[in-house]
Every structure is written in structure tokens, then in C-alpha cells.
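Participant: Here is a sequence with its predicted model. Questions after.
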2 protein chains.
Amino acid sequence: NPATGENKFYGEWLPNAQGEDVVAGIRTPNPLNEECKGPENAHLPSLETAMPEVYEQLCKIREKLEKHYKDMQDIEFTIERGRLWMLQTRVGKRNGPAAVKMAVDMCNEGLIDKETAIMRVKPSQLDELLHPMVDPEAERKARPLAKGLPAGPGGGTGQVVFTADDAERWFKEGKKVVLVRTETSPEDVHGMHAAEAILTARGGMTSHAALVARGWGKCCIVGCGALNIDVEKKQMTVDGKVIKEGDWITLNGTRGIVYEGQLPLVEPNLEKNEEYKQLMTWADEIRKLGVRTNADRPKDAAQARAFGAEGIGLCRTEHMFFEPSRIRAMREMIVAETREERRKAVMKLLPYQREDFKGILKAMEGFPVTIRLLDPPLHEFVNLTDSQIKDLARELGVSYEKLKARIDSLHEANPMLGHRGCRLGISYPEITEMQARAIFEATAELVKEGHKVFPEVMVPLVGILSELKNQAEIIHRIAREVMEETGVQFKYSVGTMIEIPRACVTADQIAQEAEFFSFGTNDLTQTTFGFSRDDIGTFLPEYLNRAILKKDPFQTIDQEGVGELMKIGVQKGRATRPDLKIGICGEHGGDPDSIDFCHRIGLNYVSCSPFRVPIARLAAAQAAVRNK
Amino acid sequence: NPATGENKFYGEWLPNAQGEDVVAGIRTPNPLNEECKGPENAHLPSLETAMPEVYEQLCKIREKLEKHYKDMQDIEFTIERGRLWMLQTRVGKRNGPAAVKMAVDMCNEGLIDKETAIMRVKPSQLDELLHPMVDPEAERKARPLAKGLPAGPGGGTGQVVFTADDAERWFKEGKKVVLVRTETSPEDVHGMHAAEAILTARGGMTSHAALVARGWGKCCIVGCGALNIDVEKKQMTVDGKVIKEGDWITLNGTRGIVYEGQLPLVEPNLEKNEEYKQLMTWADEIRKLGVRTNADRPKDAAQARAFGAEGIGLCRTEHMFFEPSRIRAMREMIVAETREERRKAVMKLLPYQREDFKGILKAMEGFPVTIRLLDPPLHEFVNLTDSQIKDLARELGVSYEKLKARIDSLHEANPMLGHRGCRLGISYPEITEMQARAIFEATAELVKEGHKVFPEVMVPLVGILSELKNQAEIIHRIAREVMEETGVQFKYSVGTMIEIPRACVTADQIAQEAEFFSFGTNDLTQTTFGFSRDDIGTFLPEYLNRAILKKDPFQTIDQEGVGELMKIGVQKGRATRPDLKIGICGEHGGDPDSIDFCHRIGLNYVSCSPFRVPIARLAAAQAAVRNK
């Protein structure tokens, strides 16, 4: 049975007809046997009862074929005047749950070995086991309201809200909400987090909403152009129909379809899926690559851990600054004129950050947690309208003109290549000091409480050894200070993102200071191609259509270009430091083809969003089998 | 004599004093001999007359020392009670003209060989021989009006104008003008070209004005903050003084000083400088690297040729579109909605471009001319104010809203990494077709007229072999068409800029299609470091101050990073095509350290702005000597 994976003979037959009639679907076919009767064909005679000898004969042939091919077969036959004629046999298609069950069953029956079982399941098929899905029966009967891009898989249902603050408030009141926005920005993150699902009118598969939702494994549909959203009135019109705040909608994020009303969801139940658990155990035995997760919050870390993550490969710290209670201090820092003022403002963030890190280190207890220091350009924190600037000026006690001028001075022609990453930490060492202190104070407290935690401090956007030296000096000094102040000894390491080409070609130098490397393949792809991910919409679709590029290099690592630089980075890095730990934390860490490449160039681990962890575990095992 | 290079004993002495008194300059020292008397010390007795025996003794020692060290010596001595005591001797400092004369004279006298002579002159010292200079005598007496950054060397004097159009009009009336602007943009280029010198209130050493002026060897001062320019009133105030349109000012671009009034200039006279000519002949014998020039106009090409350029390494075509008569067609193209409309607009540019190319190919007759296809993002052509957009909409017969929307749609988050270079030619093949046709029609006409011309068509920003294939297919097709239409056979080649990291690491593939490579080290430096040249002002000065970087990588090639990628590009390119011609056309092509590096990695030529050609010839010879 290709839908459940049970070892049952499953099929259809149609008397007095040709194959085309089955395919065309103009008549309801008869069931093959009594077992596979469903509500739609229960009234029709099965082959088993209508022609028992032919059915018997067919069973034997099927058994012989499946023994021979060691896999489920999709068999075509015809019966002419009581005589069975075999037309065709091929490996049968199956859905995710069925693929897992069949592979494990066949292995348990001794038909195939573990490695073959591992290879029988496409990593992407696991998605169907991980997310709640809209009940197919209910979905079949529902009428779609609109279509968009399937940005985050699975199903989600809830009451519509139109602002992030409403989403958070309703969520706290115990309601399930779907956050509907024209597009999202970092300031919406708290509301996105509170929502069951996210729906936007604009944006593509790599828009802010899509990236955040996939990172959390949250159901999300973007670029749903049919929505006319009126935030003031708290309603939207879709094709003439008005949907108000509080109305229920349901999203199928795997297919990109929006429905009116509340459709039932089918919850995944991995804990009870013995075949899935068995398959993943085999995968873990076989794979050489470690699998970590990208997570910024304890909840996500715990989720990833449940999915089998062996640590955090990327904990971004900038999201932590966008919560309303914190961004104020960040803005104060940006406006500060003297180092002392700046330090005072930055240090207001210390207690928040310490709690953040404590939570996440504890959630990953026993495993390493790589924490990346502040990365984005400062202007992302002051993306304000004129009236917001006026409010902020009043709050901070500076003139509007002065604040406006400061904000304008942060404008950059190419922010992707601007004042960000470790360049910020070098210009404003107090940011690095505060973050290092928060990490180490959290670590010391946890160690004191008896927890086993391993923070790895990661400096972003390093291209020059001296940049890393500058930042590492600060981090090591703060570590010593915190050890002295608390009297607690703890383990930690300092390493760097490898995300610009210069870091790859000078990796031998950088490894003098770095205790680990983590390839940031998002930025490395941008700089290696000279592509801005924000701007490729104007030409990348055409490049793919015309096969100038075979795959989107932001989805799957470009092995010839970006991959070549990675290889150079690995070779040079290990030439200096043979035991250098090297991972990858770009979006590619969850892509099966990219994982295969990472295996081949000898990385130690891949890191991906929580819901891709099982996929990465399986893909890593397949890479080990494929490249034995 | 360290000022002229004549082999004359030149010096000073001071009776009844210590060395500090000479250095302190509190007393006017006596002349050493009768020959080196000047107006300021003619009344004082020379050592030659005051103590003839001591003078004789000193002459002999000097002769012995200079024979021994084979170079001019800076000798310190003291005379105590009639007895000569030698204190110190070291190689004497000298200015540019003196360095050249001494090196050539000593070689001609057999004291040193040609290679040593070549090494005796610093390439940068040649600047003093190439540009008109403000008469030092007059400058000493003049009072500076303001100071700025020395962006373009030499001196310039003219009447002040405040707009590019005025500069051009006054120039056509036979006047000498200095163009004064707050800052310049590509639309000012015609006026900058007409001006004797350029002065801006804002901008740094890599601002638009600075880059363009250096490219032309034009006197230029930028970032002169003291200027308060009022374009409406056509005047500026400097420190309370009002300078009106038509007033004379004089610029010393080597020192960055602005003077009121018209100071006399000293013109260089290379033709009559036999020692210079001799030195360059030796340099040409010794060097292995070819030296080409970056030039967009026949006049610049001719200038570079006079300086010894052996072809054009980079002829940019975008400057050609900014002239008022042409930009209209460019804008029409940008607004066009259908391919047909776009083609019609683009083809209006064909006759202009054909004349451009004809002029430049003819000026470089006998040498190759590398023409780069359109490179900048389209929004650079529609950098307009709201009222300009309204005017343009009226002219083009479209609505303001529509035009505004189209212009807004061209906005990019990171234009440096956006829709530009060959990505434009792939999206809009009609641009490539027009440019290829203009090049080949110009070539065919010139060949018919009996000229020997060798166009090399260069595709910019290639990172993927298939991009180059796409563009090369168009170029070869147009070449065949033009040959058929005109019945003229001509030589040409198709190659590519190597300016993004992916091109370096896949150079083996790209060389399958490219007949030549030219390293675009400006963009390659931006992408290798992940630095935007427009935005580095916020952190690069600090990086240099704190020695995180030892040199500005936009001035001198970063050999460890960018240079490593260049090496990979050369090796991989020649692995596919052993006779691949490889050059460099970034700003680094005129920097002596970078030229040394280019020699070592086996490039065929460097290309630089016309006024750096002699410098590059000398630096290339020094590289050959140094790396024998």
C-alpha cells in the first residue's frame, strides 16, 4: 500500500475497458481485493472474488517480482478471456510515511540491508512526518480562498490578526492566530512567533517571512497577491469576500493554499512511529557528519533536540535585540556620542542577553552551542518613519534633527558589504565586551548549578586574521575576568564564520587564531557570485529558466564555485590546525545535495533549522553510503 | 645637485656653529663653492674661497665616496681649527628630475649598469616630470585660500565656473576654467573634461571626481570643506571671501592647495628631456610586462600613446551614454515596455557608439583595444529629481506615475551586487547587439580605409561559463553579419573581465570560451573582502590606523587574498588555454607594488590611466630586475 507502507497487495481493476480508462478517471475502478475496498468502491466486486484463480496467479507473480526487485512494484496487467497478461512492472511510487515503513519492514524481513533501507527514503519525504497536516478528507471538500507560495510546510489554522502586537496579545489570551501581513520585518518577529501560521501578500521564497517560518518549521504562505489588506480597518478582502479580524482561516503551507474556516489538522506523532525511529537509528549509525541546529530560542533548541540535533551550530543574537523592551537600549547606543555613553547603553542589554544565553545553553546541555556575535548593520535597528523618529528623539532627549542626521549617516550604498559583522565589534568593542560577558556569566552560573555547557563564541564576517585577533583578544580577556569574578572555571572556544572569499583563501592564517570554522554559505554565495540575495529577483528566475544556472545557488551549494572556495578553506585551515572543527550554518545545511557535498569535503557537522534536523540526519547517512 | 641632477658639488657650510644650527635654519648658511651661490647667500664667502685647501680635500673625499657607493652622497663634515673631520655619509635624497638625470648620467659614465639605473628612480618620482606644476617661486609668495585632498597631481589654473554645462560652454569660447562643484556625478563628466582643473567641497580620494581626474591625469582637489558653494548665485564663499564665477583661481593638485588668482605654471617637456627618454628606452628593453592604458576617448588614447602605451586595456563604454544628446535614448530604452520598443531606443545609440569606437580604434591603430560592454546598473542613468522625472515623462510621452514607478523598480538594496555587467546583456540582448554592431561596423570601416585595428570585446562581471557563452554567441553572430554586410574581413577577439571570485575559481571553464582575461581588481577587491568601496569610509581609516590592514587594498593589490584568487585564475585559465592573454585593468594597474605582483604571477600586461603609463613602464622594468 503506497499510502501507508503496509505490506498489503493494493490496486484496482476495471472490467471491459482499456488502461486509458483507468488513467482518465472517467469510471470508478473496482477494488483488487476485499481488503483494499474503500467507501467509493465498496459496492463493486473485487478481482479476488470475481476471478479467484487469476487473482491467485497475480499474487504469485507480484511476490516473485518484489522478491526479485526487492522493492514495492507498480504492476500493470490485463485479463483477456480469463487469461492474465502482464504488461509492465516498475518500482512503485509511495508517500513519505509509506516509504519509511516499507524500507524498515523490508530490512527487518531481511530483504534489504540497512544501507539500502536508508537509501529508499527521500530526505524530503520526511517533511510529511514532521508537520501537522490539514486533514486530507476535509481539505478535499473545502473551497480554496486564495493561492500563494508554499514557504513553510504543514498545515495551520487560527483566527486572523493583522499586527504582530495583536498576534502576541491574542496568543497570551490562549487563542490560536494566523498573522496576516503585507510583508514582515524583523520587528514582527514576536508576533510571528506567537502565530500558528503566517500569511503575507507579498514576498518570495526567500523573503523575511519565508526564512523565519522555515527556520521554525512554521506553516507559512507568502506572495499571496489576491489579499487586499486594510490594517486600519483590521480586515482584508479576497476576491470580493471580506475576512475580518477574528475570522478563522486554514493554511496548507505544503501546497500554498488558503481556506476559509477552521479545517481539522492531523498531528504528526513521531514518538509512536516505530519505523521512523528505527530508520533514524540506522541513519545515526551510518552517518559521519554531525547534525546541529540553527536556533535562537530555548523552545526551538528543545524542539531540535527532540529531532536529534547534537548542538547548536548557529545561535544568532540580533533577533534578541528586536523585542520592544530591548531595542530602545540598542537605539540609545546607536545615538550615543561618546564611548562612555555607548557603553552605558550597551550594558543595559547585558541582563537580557545573559538570560537569553542561559536559556539556550541549558536547553542544549551536554552539547556545544555556537553563539554568533552581532552581525547586521546598525541601520537595521533604526528603520523608522519620521513620526517614529520624533517619538524616539523625545524619549532619548535629543533633537529630532540630530537623531535624523545620525540615522541618515548610517545609510549605506551596499549594506551587504558595509559596516557589519566583526567590523562593528572592532569599531564598537563595547558590543563585543557586553556579548562575551553575557555568554560567560550565563556559562558560569550554569556550571555553578551543575550543568554541562559548552559555549563556542563565533566572530562573524572575518576576512583578515587581524580582525579575528582583535575580537578574540577581547573575548579571552572577558572570559578571564568572569572566571576571576565568579571563581568558576569553564570551557569555551573562539572561532569564526567563513563567509567571504578572502577568509577561504587565507584560511591557513585565520586558523592560527580560530578554534573552529563555520561556513556561512549564504553570504559566501553572495560574495562569490557577486549576487545580492535581495536583488536577484530581477535576473535569477531568467538564469534558471534559460539554464545559465542549473540550480538556485541559495538553495543548493554551487559546488564548482562556492564549493571550490570551501574546499580551499578546509584544506588550508586543516594545514594549520589538523583537528580544526569545521561546520556549515547557512541555509544549505538542511539541503540533501549540499549535505552530500559537505560530507565529501570532510566537514565535521552541518547545522540547519530544527524541522530539517531529521532530514539532515538521513541525508548525512545517505552521503556516507553513497561515498563509501 | 639633488634638485637638477647635474653632477656638481652642492652644499652649505656655517662658520662658528654646530650642525643643529644648520638644521634649525636660524642662520643663512654659506655656499660650499662659487657655483652653488644663490640670491640668498651670494654675499657670503664660499668654503671654496675661504679655505681652499680644506675645500680641495673635501672634493677628493666626496669623489672617493661617490665612486665607492656609486651614488650621490649626502655628506656631513665639520672643520675644527682648519682640520676637516668627516661626520657621516649616506645616499642623498633627490627630486624626480634629478633622480632621472643622475641615474642616466652615471650609467652613461659606466659607474652603474642599466638595471641599476632603472632601480635608482622611484616610479612615483616620474609624476614630477609628467604634469604642469605651479611655479614654485610664485607659489612661495602666494597665500593659500583653502586646503583639500590632493586627488589629481600637478597644477591647474582657470576661471571659476559652477556647472558642467558652463564649463563646457566657456571652454568652447576658448576660456580656461576650473570646475567647482559640491561633488561630481557621471552627468558632470563633459564639464570635467572641459576644465583645466576640478575642485570639490566633498568626497574622498576615491570619490567620483578623484577617480575621473586621476584617470585623465587632471589636476584635482576634493573634500575641500571650507568652500560654501551657492550654485544659484554662481559664487562661493571661502573663509568670508567671495569668489564669483569668472574669478581666477589656481590649484596645486599634488599638495591639495587652492590659491586665489592666476599663478604661472611650469610645463613639463618630456620631448626635450633626453635623460628621461633614455631611461624609458632602457625600461622598455628590460620589462616583460606590456603596458596598456585605460581610455574612453581618442584624445586620452593619443596622450597615453605618446606616453608609451601599447594598446587600450579598458575602454569603458558607459561614459559615452551620459552626454546629454545620448542619455535621452538610454532613458527611452529603460522605460520601454516591449522588446521592440527597447530595440528601437537602443539602436538610436548605434551611430554615436560607432563614431566613438572609430575614433578610439584609430587613435590606437596598430595596437589592440579592449572594449568593455555596458557595465553599470540601469538606475545610474535615471538618477533624477522629481521635477526632472516630470520633464522626462513629458518628453517621452508617458505618465509621471508610470515613469516614477519604473525608476523606483530599478532600486536595489546592493546595486554593486545587482543587475549589472553581463547580467544586463543577458536580460537585454539588444544592448549587446547594438554595442557589438557599433564596434564591428567601426572596425570594418577602418579596415576598408586601410587602418590596422584590433578590437577585443570584453564581457563584464562574468562568473559562470554559460553567461559568457550567451554573450559571446551574440557577439560572434553580429561579427559574421557585419562581415557579410560590408564584405570586409577583420580580426577581433572575445574575452572577459575576471572580477568576481567565482570567475577565478572556475577560470578553467571560463577559458574554454574566453580568448583573453582582464582582471578587474576594483570589483574583485570588493567581492573578495566583502567591502563596498562606497561604504568603507566608516571603517577603513580605522583599519589602517590600527594596522588591521597594512595598506588600502583599493590602492595596492592585497596579495594574500585578492592576489591568491588572481593566481588561481591565471593557473586555471592557462591550464585550459596555455596561450591565454591575461592583463589587469583595475586601478591597481598603475601601482608599482601591484605591478611587481602582476609580473610575478605571469600576466601579459598591465593597463592604467594615461598619466600613469610611464610610471607603469618603469615599475614593470623594476619588477623584471627584482625578480630575475
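Facilitator: That came through, no problem. A quick note: this is a predicted structure, and the numbers were derived from the prediction, not measured.
Participant: C-alpha from now on. contacts and neighbour counts both.
Facilitator: Will do.
Participant: gap between whichever residue of chain A sits closest to chain B and residue B:526?
Facilitator: Distances between chain A and chain B by CA to the nearest CA are smallest at residue A:414, namely 4.3 Å. The spacing between residue A:414 and residue B:526, counted by CA to CA, to the nearest Å, is 11 Å.
Participant: Need the residues touching each of these two.
Facilitator: Both residue A:414 and residue B:526 are in contact with residue B:532, where contact means CA atoms under 8 Å, 6 or more residues apart in numbering or on different chains.
Participant: what about the two, which has more around it?
Facilitator: residue B:526 (25 against 21; other CA atoms under 10 Å in any protein chain shown).
Participant: Look up the pLDDT of that one for me, please.
Facilitator: As predicted, residue B:526 sits at a pLDDT of 96.
Participant: again, but for residue A:22
Facilitator: pLDDT for residue A:22: 63.
Participant: Next: residue A:19.
Facilitator: Note for residue A:19: predicted pLDDT of 67.
Participant: low-scoring stretches of chain A, by residue?
Facilitator: Along chain A, the parts satisfying pLDDT under 70 run over A:3, A:19-26, A:39.
Participant: What residues does residue A:376 make contact with?
Facilitator: Contacts of residue A:376 (CA under 8 Å, 6+ apart): A:318, A:420-421.
Participant: if you set the cut-off to 6 Å instead, what comes out?
Facilitator: Residue A:376 sits next to residue A:420 when contact means CA atoms under 6 Å, 6 or more residues apart in numbering or on different chains.
Participant: For it, give its distance to residue A:317.
Facilitator: Going from residue A:376 to residue A:317 by CA to CA gives 10 Å.
Participant: what residues does chain A put near chain B?
Facilitator: Taking CA under 6 Å from any CA of the partner chain as the measure of proximity, chain A contacts chain B at A:412, A:414, A:417-418, A:466, A:501-502, A:527-532, A:535, A:548, A:561.
Participant: 8 Å instead?
Facilitator: A:412-419, A:423, A:427, A:463-464, A:466-467, A:500-503, A:505-506, A:526-532, A:534-536, A:538-539, A:542, A:548-549, A:560-562, A:564-565 (CA under 8 Å from any CA of the partner chain).
Participant: Show me what counts as buried in the longest helix along chain A.
Facilitator: Ranked by number of residues, the top helix in chain A under DSSP state H is helix A:465-486. The neighbour-count check on helix A:465-486 (16 or more other CA atoms under 10 Å in any protein chain shown) flags A:465-472, A:474-475, A:478-479, A:482-483 as buried.
Participant: Can you tell me the number of residues neighbouring residue A:318?
Facilitator: With other CA under 10 Å as criterion, residue A:318 counts 16.
Participant: show me the contacts for it.
Facilitator: Counting by CA under 8 Å, 6+ apart, residue A:318 makes contact with A:374-376.
Participant: And for residue A:97?
Facilitator: A:3-5, A:125-126, A:128-129.
Participant: ok so, going back, please indicate which of the residues of chain A next to chain B are buried?
Facilitator: Buried members of those, counted by 16+ other CA under 10 Å: A:412-419, A:423, A:427, A:463-464, A:466-467, A:500-503, A:505-506, A:526-532, A:534-536, A:538-539, A:548-549, A:561-562, A:564-565.
Participant: Just the ones in helices from the residues you listed, please.
Facilitator: A:423, A:427, A:466-467, A:501-503, A:505, A:526-529, A:562, A:564-565.
Participant: Show me what whichever strand or helix holds residue A:62 packs onto, helices and strands only.
Facilitator: Assessed by DSSP states H and E, residue A:62 sits inside helix A:52-69. Applying 3 or more CA pairs under 8 Å, 6 or more residues apart in numbering or on different chains; DSSP states H and E, we find helix A:52-69 packed against helix A:47-50, strand A:73-80, strand A:83-91.
Participant: picking up where we left off before, go through the contacts of residue A:97 and name the one nearest residue A:101.
Facilitator: residue A:5 (5.1 Å; CA to CA).
Participant: and the closest one, how many neighbours does it have?
Facilitator: Neighbour count of residue A:5, defined by other CA under 10 Å: 20.
Participant: residue contacts, the residue lying closest to residue A:369 once chain neighbours are set aside?
Facilitator: Using CA to CA, 6 or more residues apart in numbering or on different chains and skipping residues adjacent in sequence, the residue nearest residue A:369 is residue A:312, 4.6 Å away. Applying CA under 8 Å, 6+ apart, we find residue A:312 in contact with A:292-295, A:301, A:364, A:367-370, A:607.
Participant: one more time with 10 Å, if that's ok
Facilitator: Residue A:312 makes contact with A:291-296, A:301, A:304-305, A:360-361, A:364, A:367-371, A:455-456, A:585, A:606-610, according to CA atoms under 10 Å, 6 or more residues apart in numbering or on different chains.
Participant: so what's the backbone phi/psi at it?
Facilitator: Main-chain dihedrals, residue A:312, degrees, to the nearest 10: phi -110, psi 130.
Participant: So what touches stretch A:345-356?
Facilitator: Residues contacting stretch A:345-356 (CA under 10 Å, 6+ apart): A:296-298, A:317, A:320-321, A:325-336, A:339-341, A:358-359, A:361, A:430-443, A:445.
Participant: hmm, try it at 8 Å
Facilitator: Stretch A:345-356 has contacts (CA under 8 Å, 6+ apart) with A:297, A:320, A:326, A:329-330, A:332-333, A:336, A:430-431, A:434-435, A:437-439, A:441-442.
Participant: cool, stretch A:32-44 as well?
Facilitator: Taking CA under 8 Å, 6+ apart as the rule, stretch A:32-44 contacts A:9-13, A:28-31, A:46-49.
Participant: among those, which two are most distant?
Facilitator: Maximum distance among these (CA to CA): 18.8 Å, for A:9 and A:28.
Participant: Residue A:4: neighbour count?
Facilitator: Neighbour tally, residue A:4, other CA under 10 Å: 16.
Participant: Touching, it and residue A:103? I think so.
Facilitator: No - at 11.9 Å, residue A:4 does not count as touching residue A:103 under the criterion of CA atoms under 8 Å.
Participant: ranges for the strands of the stretch 501-628 of chain A?
Facilitator: A:516-519, A:581-584, A:605-608 (DSSP state E, counting those that start in this stretch).
Participant: Could you check how far residue A:382 is from residue B:572?
Facilitator: In terms of CA to CA, residue A:382 sits 46 Å off from residue B:572.
Participant: Sorry, slip of the keys, the one I care about is residue A:92.
Facilitator: 46 Å.
Participant: what does residue A:445 give?
Facilitator: 54 Å.
Participant: quick one: which of those two has more around it?
Facilitator: Using other CA under 10 Å as the criterion, residue A:445 and residue B:572 rank with residue B:572 on top: 20 against 15.
Participant: mind listing what the more buried one touches?
Facilitator: B:504-508.
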